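[1] Predicted coordinates and the sequence they were generated for:
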Number of protein chains: 2
Amino acid sequence: MPQGQPETVPDDGMTTRQRRNRPLVMVHTGEMKGKSTSAFGLALRGWNQGWPIGVFQFVKSAKWRVGEESAFKALGTLHDETGQGGPVEWHKMGEGWSWTRKKATEEDHAASALEGWHEIARRLSEQRHGLYVLDEFTYPLHWGWVDVDEVVATLRDRPGHQHVVITGRNAPQALIDAADLVMETSKVAHPMDRGQKGQKGIEW
Amino acid sequence: MPQGQPETVPDDGMTTRQRRNRPLVMVHTGEMKGKSTSAFGLALRGWNQGWPIGVFQFVKSAKWRVGEESAFKALGTLHDETGQGGPVEWHKMGEGWSWTRKKATEEDHAASALEGWHEIARRLSEQRHGLYVLDEFTYPLHWGWVDVDEVVATLRDRPGHQHVVITGRNAPQALIDAADLVMETSKVAHPMDRGQKGQKGIEW
């Protein structure tokens, strides 16, 4: 990133400092890897600022994000013990704030995702976190499990200073339009093109 | 990322396992933020695998990456004290493996970048790290401070199982051609377009 002279200065009645410190809705979308990893990289910065970090994982495979989860839980523990950085909460769809069934149907997943979103909306109203990572949250939106207009309205009206980053492919246009920052990843080359499957430490 | 069935299976004489575990050269390039943050997100996975992580920062501003640096140093300390994860080394161009002058000229920066690359090449030959993050390393390549053909040859011939991720804009074509994975970030929307400058916890 450049040092950052804005291209335009809007006539919005805010001072540069007020505008600078406006909380952001960020969307990382696109076809290529890098959407979630960059959200977690961003969360390292928030953690270092002492913000309470809330990760809400809308993916099902237990293998995914184990590296990030392990590292962020370690950072959260470090905060609790030493005061360095911020506290960390890590929640998974279908765990904790929802039920888990052995044979989950699509309806279960949809209900679980919606339950998750309602929990996030509650936390936003209570100003529980400085940064929310809604990992792979575009999928329940794309599939219609969670209403995108309700999400956009809740994000727009959230109180205080809470940043939100949402990752995943197929981000709905209404979400993109509502976001302050939208990053799109695209593929130039990928090992799978050469017949190479995912490996530990790289894909999870 | 999908669960990962490769699109083609190459006739390279390797088993799926051998191919899967081949060490990777990854390049994160493009116009938008997310190149470095996703490299650091990736490094969380490597750390969790217990890999020795080496970060080599080819940027000059002290403000950049302070969040990531602080978090990774904390994770490195955690490793040293408890054995969780892997050890972490964090090096900056112009520090440690090079000199620092009060009034650095472009020649100083060029020499410093080259010195940094030589240190990285030494470490690659000694198999010192499991994952190397060469942050903003495309710039010294783009500016001709470090010879891209030498870098490509060194990466191609590196021994053992060492992953390398290189970030920055304007990645030279020879580097892109040599990479196993190339991720490009592009901008859909950015707060600076709306007159908002960078803020702590988000940009650093």
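    Noted; the coordinates are in hand.
[2] ranges for the helices of chain A?
    For chain A, the helices defined by DSSP state H cover A:16-20, A:35-48, A:66-82, A:106-126, A:138-142, A:148-156, A:173-178.
[3] okay, those helices in TSV with mean neighbour count, mean pLDDT and distance to A:Trp204 next?
    In short, each C-beta sits where N, CA and C put it, glycine included. Listed next are the helices of chain A as TSV, based on neighbours: other CB atoms under 10 Å in any protein chain shown; pLDDT from 0 to 100; distance: least, CB to CB, whole Å:
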stretch	mean neighbour count	mean pLDDT	distance to A:Trp204
helix A:16-20	14	61	36
helix A:35-48	28	95	11
helix A:66-82	19	95	6
helix A:106-126	17	91	20
helix A:138-142	21	93	18
helix A:148-156	16	98	27
helix A:173-178	15	94	26
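[4] want to throw those helices into CSV with distance to chain B?
    Shown next, in CSV, are the helices of chain A (distance: least, CB to the nearest CB, whole Å):
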stretch, distance to chain B
helix A:16-20, 5
helix A:35-48, 3
helix A:66-82, 3
helix A:106-126, 16
helix A:138-142, 12
helix A:148-156, 14
helix A:173-178, 6
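[5] so which of those helices comes closest to B:Met32?
    helix A:35-48 (9.6 Å; CB to CB).
[6] helices and strands around that closest one, which ones?
    Contacts defined by 3 or more CB pairs under 8 Å, 6 or more residues apart in numbering or on different chains; DSSP states H and E place helix A:35-48 against strand A:25-30, strand A:53-57, helix A:66-82, strand A:131-135, strand A:163-167, strand A:181-189, helix B:35-48, helix B:66-82.
[7] what's the average pLDDT for the second one?
    Mean pLDDT, computed over strand A:53-57, is 96.
[8] okay, the closest residue to A:Thr138 other than its chain neighbours: pLDDT?
    Closest residue in space to A:Thr138, ignoring its immediate chain neighbours: A:Gly168 at 3.2 Å, by CB to CB, 6 or more residues apart in numbering or on different chains. A:Gly168 carries a pLDDT value of 93.
[9] List the contacts of A:Gly168.
    A:His28, A:Thr29, A:Lys35, A:Phe58, A:Asp135, A:Glu136, A:Phe137, A:Thr138, A:Tyr139, A:His142 (CB atoms under 8 Å, 6 or more residues apart in numbering or on different chains).
[10] repeat for A:Leu124
    Counted by CB under 8 Å, 6+ apart, A:Leu124 has contacts A:Tyr132, A:Thr154, A:Leu155, A:Arg158, A:Pro159, A:Gln162, A:Val164.
[11] Go ahead and confirm the fifth one touches A:Gln127.
    This means A:Pro159. Yes: contact criterion CB atoms under 8 Å: A:Pro159 and A:Gln127 qualify, at 6.0 Å.
[12] quick one: A:Ile166 from chain B, how far?
    13 Å (CB to the nearest CB, to the nearest Å).
[13] What is the neighbour count of that residue?
    When counting by other CB atoms under 10 Å in any protein chain shown, one arrives at 27 neighbours for A:Ile166.
[14] do the same with the one 3 residues further on
    Residue neighbour count, defined by other CB under 10 Å, stands at 17 for A:Arg169.
[15] That one contacts A:Thr138, correct?
    Yes: using CB under 8 Å, A:Arg169 and A:Thr138 qualify as a contacting pair, with a distance of 6.3 Å.
[16] hey, what's in contact with both of those two?
    A:Thr29.
[17] any idea how far A:Val165 is from B:Gly34?
    11 Å (CB to CB, to the nearest Å).
[18] so what's A:Glu89 up against?
    A:Pro52, A:Ile53, A:Gly54, A:Val55, A:Gly76, A:His129.
[19] Report the beta-bridge partners for the fourth one.
    Each beta-bridge partner of A:Val55 is listed here, defined by DSSP bridges: A:Trp90, A:Val133.
[20] so how many other residues sit close to it?
    A:Val55: 24 neighbours (other CB under 10 Å).
[21] what does the second one give?
    Taking other CB under 10 Å as the criterion, the count of residues near A:Ile53 is 26.
[22] In this structure it contacts A:Pro87, no?
    Yes: A:Ile53 lies in contact with A:Pro87 (CB under 8 Å); the separation is 7.2 Å.
[23] Mind listing the shared neighbours of these two?
    A:Gly76.
[24] ok, back up a step: could you export the contacts of A:Leu124 as CSV, including distance to B:Gly201?
    Shown next, in CSV, are the contacts of A:Leu124 (distance: CB to CB, whole Å):
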residue, distance to B:Gly201
A:Tyr132, 13
A:Thr154, 22
A:Leu155, 18
A:Arg158, 16
A:Pro159, 18
A:Gln162, 11
A:Val164, 13
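[25] circling back to that earlier point, now for the contacts of A:Glu89, which pair is the farthest apart?
    Pairwise over the contacts of A:Glu89, using CB to CB, the maximum falls at A:Gly76 and A:His129, 12.1 Å.
[26] picking up where we left off before, could you single out the nearest of the contacts of A:Gly168 to B:Arg123?
    Nearest member of the contacts of A:Gly168 to B:Arg123, counting by CB to CB, is A:Lys35, at 30.0 Å.
[27] ok, now which ones touch the closest one?
    Contacts of A:Lys35 (CB under 8 Å, 6+ apart): A:His28, A:Thr29, A:Thr167, A:Gly168, A:Arg169, A:Met183, A:Thr185, B:Ser38.
[28] how about 6 Å then?
    Counting by CB atoms under 6 Å, 6 or more residues apart in numbering or on different chains, A:Lys35 makes contact with A:His28, A:Thr167, A:Thr185.
[29] Same question for A:Gly160.
    A:Gln127.
[30] residues contacting the residue nearest to A:His91 when sequence neighbours are not counted?
    Sequence neighbours aside, A:Phe56 is the residue nearest to A:His91 in space, at 5.2 Å (criterion: CB to CB, 6+ apart). A:Phe56 is in contact with A:His91, A:Ile120, A:Leu134, counting by CB under 6 Å, 6+ apart.
[31] A:Tyr184: how many residues sit nearby?
    No Tyr there; residue A:184 is Glu. 23.
[32] who has more neighbours, A:Pro159 and A:Gln127?
    Using other CB under 10 Å as the criterion, A:Pro159 and A:Gln127 rank with A:Gln127 on top: 13 against 10.
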